[in-house]
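Okay, here's the prediction I keep looking at, along with the sequence it came from:
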Amino acid sequence: MRILVIQQKRIGDVLTSTIICNNLKAKFPDSVIDYMCYPNSIDVLKENPNIDNIIPVTNKIRKSTLGFFKFIFEIRRKKYDAVIDVYSKLGTNLITLFSGAKYKVSYHKWYSNIFYNYSYKRFDAIKSEFGLAIENRLLLLKPFFSEKITNVKPKIFLKDSEIAEAKVLLKNHNIDPEKPIIMFGILGSEHYKTYPLDGMAKIIDFTVAKTNATILFNYIPNQKEQALEVFNYCSEETKKNIVFDLYATDLRQFLAILSQCEMLIGNEGGAVNMAKALEIPTFSIFTPSVRKETWQLFENEAKNASIHLKDLKPEIYEKHTEQYIKDHTFEYYAEYPLALMLEKLEAYFQEYKN
């Protein structure tokens, strides 16, 4: 059996959809499973034994009509038995339609029957210990599973050599092995997913005062100016605990460094999802406009906690639409009571110690 899983968009989405591959490979061990995604997400798929081939959708393919249709026919020549389109946009609709697969699976839309012979309505408001992002992906496995699926956690696979190199990097930066290391996701994937930088500095100050941990920042070189702004907002005592110049040069190196951390604290997004896939505890701050029901993943586990404005001031969501809140993100970030956030963070530290 040859299977294609399609999930474009961001790293968190791509990583979460690997649960489809993990379950299919377990049920059909002789199958060949290919995964189609954007090039920037490939690193979270590498070394996954449940994925046989990664098919990158480059800008050259996406931005050229001729190139795109050549790509469609390349996919058709692979003769897939099943295509599971998690992304479900026009481009992937067409890829699925022309694949010739017996099983064409995606989410239900008014036009779904044109492209798919198996389509399912996304859950919108289901109680889930895993989160809707997980539950909705499990829906797409219905044509292949009659039994309850229990393998629901995305996983990242690192080589021993990658972990060893990360340990050497930490040692070369004179990081005390006796102290905990905490990674801070100081910047979100979008500006509206970034908690105000001065507020983030206060959270870092609080963390250092409570844990005396070594602090690493998750940023890339072109974000150095913003990272420096956070650093400069921190107290002089806190700065002594921050190893500012240690940052990953690529995503695989970041994952290996993250695997050596005690926990990750910061903006909800791809880094939080990667930490969870590495079994690293997380405390995340949601942007006010992201639906918490979808991405509060695995918070049935004490090691994963988050804070969302909807938990603090649900009346705001009764008055305004998600789009309105997104358009006024930074006004609503101001509605997060810092004292309450720090109180929840302290409770998290205590829970984690126990």
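Perfect, I can see it now. Quick caveat, the model's predicted, so the values are computed rather than measured.

other SSEs contacting the helix or strand harbouring Gln226?
Using DSSP states H and E, Gln226 maps to helix 224-233. If contacts are counted by 3 or more CB pairs under 8 Å, 6 or more residues apart in numbering; DSSP states H and E, helix 224-233 sits against helix 197-211, strand 214-217. C-beta here means a position set from N, CA and C on the backbone, and glycine is covered the same way.

Ranking these by mean neighbour count, which comes first?
strand 214-217 (a mean of 25; mean count of other CB atoms under 10 Å).

outside of that one, which residues touch it?
Contacts to strand 214-217, defined as CB atoms under 8 Å, 6 or more residues apart in numbering, come from residues 175-176, 179-184, 186, 204, 207-208, 227, 230-231, 238, 241-244, 246-247, 257, 261.

Now the buried members of these.
For the contacts of strand 214-217, a burial check counting by 16 or more other CB atoms under 10 Å picks out 175, 181-184, 186, 204, 207-208, 227, 230-231, 238, 241-242, 244, 246-247, 257, 261.

sorry, back to before: of all the helices and strands packed on helix 224-233, which one is nearest Arg77?
Closest to Arg77 of these is strand 214-217 (CB to CB; 45.5 Å).

how far is the closest one from where the chain is centred?
Its chain's C-alpha centre and that of strand 214-217 lie 20 Å apart, by CA atoms, centre = their mean, to the nearest Å.

Just the CA atoms of the helix or strand containing Arg252, as PDB, please.
Using DSSP H and E, Arg252 maps to helix 251-258. Provided in PDB are the C-alpha atoms of helix 251-258 (Å, rounded to 0.1, in the frame of the first residue of the first chain):
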ATOM      1  CA  LEU A 251      16.000  23.600  13.200                       C
ATOM      2  CA  ARG A 252      17.600  20.200  13.900                       C
ATOM      3  CA  GLN A 253      20.200  21.800  16.100                       C
ATOM      4  CA  PHE A 254      17.500  23.700  18.000                       C
ATOM      5  CA  LEU A 255      15.600  20.400  18.600                       C
ATOM      6  CA  ALA A 256      18.700  18.800  20.000                       C
ATOM      7  CA  ILE A 257      19.400  21.700  22.300                       C
ATOM      8  CA  LEU A 258      15.700  21.700  23.400                       C
END
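
buried sites along it?
So, applying 16+ other CB under 10 Å, buried residues of helix 251-258: 251-258.

Make TSV from the residues you listed and add distance to Gly266 to it.
Listed next are the buried residues of helix 251-258 as TSV, based on distance: CB to CB, whole Å:
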residue	distance to Gly266
Leu251	16
Arg252	20
Gln253	18
Phe254	13
Leu255	16
Ala256	18
Ile257	14
Leu258	12
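
elements contacting the helix holding Arg252?
So helix 251-258, by 3+ CB pairs under 8 Å, 6+ apart, packs with helix 160-172, helix 270-277.

what would those look like in JSON lines with mean neighbour count?
Below are those laid out as JSON lines (neighbours: other CB atoms under 10 Å):
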{"stretch": "helix 160-172", "mean neighbour count": "14"}
{"stretch": "helix 270-277", "mean neighbour count": "25"}
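
so which of the ones you listed gets nearest Met341?
Of all the helices and strands packed on helix 251-258, helix 270-277 comes closest under CB to CB, at 15.8 Å.

Residues in contact with that closest one: which ones?
By CB under 8 Å, 6+ apart, the list of residues contacting helix 270-277 from outside reads 10-12, 15-16, 44, 153-156, 183, 185, 189, 218, 254-255, 258, 261, 263-264, 266, 281-282, 284, 297-298, 304.

quick one on the thing from earlier: quick check, distance from the helix holding Arg252 to the centre of its chain.
With CA atoms, centre = their mean, you get 14 Å for helix 251-258.

by contact count, what packs against the next helix-or-strand element following it?
Using DSSP H and E, the helix or strand that directly follows helix 251-258 along the chain is strand 263-267. Contact analysis of strand 263-267 by 3+ CB pairs under 8 Å, 6+ apart lists strand 181-185, helix 197-211, helix 270-277, strand 282-285 as its packing neighbours.

Run the angle between the second one and helix 224-233 for me.
Our comparison of helix 197-211 with helix 224-233, counting by axes from the mean of the first three to the mean of the last three CA atoms, to 10 degrees, yields an angle of 50 degrees.

And the strands in the chain, which stretches?
Ranges of strands within the chain are 2-6, 32-37, 53-56, 82-85, 103-107, 118-120, 181-185, 214-217, 263-267, 282-285, 304-307, based on DSSP state E.
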